[in-house]
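In: Structure, please.
(one chain, ligands or ions: 1)
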Amino acid sequence: MIGLMLQLGDNAVIDYLLIALMILFVFIFTFTSRSQKSKRMMVKKPIIKTELICIECGFKEIRDFKEGDYIARETEETCKRCGGKMKINLIYALEEKKEKKRIL
Ligand SMILES: [Zn+2]
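Out: Residues are numbered from 1 along each chain as shown. All right, here's what the predicted structure looks like:
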């Protein structure tokens, strides 16, 4: 799915469509994880996120981690603000816990 996004990333109209699809995907994911709560409790999978930063303007974007990602690597993704190249700034894991929402 991410590979498809990269190929279509040049078209601004499709960009909006993809954002809408991503939001939809998050909704579906949230819904299924709620309905399968008891099953999910047994298999804890950390969610790995990749933070991209624009080389040109410093705009940051977070997306799901994908294979081959490593810090400081230049990606094929382009900046939503200036169209510049994005590189990987940070890779981190989120645990599926309610504690995630707590701010310390
Ligand atoms: Zn930029």
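In: rest of the way, CA atoms for contacts and neighbours
Out: Fine.
In: which SS state does the residue nearest in space to the middle of the chain fall under?
Out: With distances taken as Cα atoms, centre = their mean, residue 63 lies nearest the centre of the chain, 1.5 Å away. Using DSSP: H, G, I helix; E, B strand; the rest coil, the structure places residue 63 in strand.
In: again with residue 72
Out: Local secondary structure at residue 72 is given as coil here, using three-state DSSP.
In: Next, give phi and psi for it.
Out: phi 80, psi 0 (degrees, to the nearest 10).
In: Please tell me how far the residue lying closest to it once chain neighbours are set aside sits from residue 70.
Out: Nearest in space to residue 72, with sequence neighbours left out and distances taken as Cα to Cα, 6 or more residues apart in numbering, is residue 88 at 5.0 Å. Look at residue 88 and residue 70: by Cα to Cα, to the nearest Å, they are 7 Å apart.
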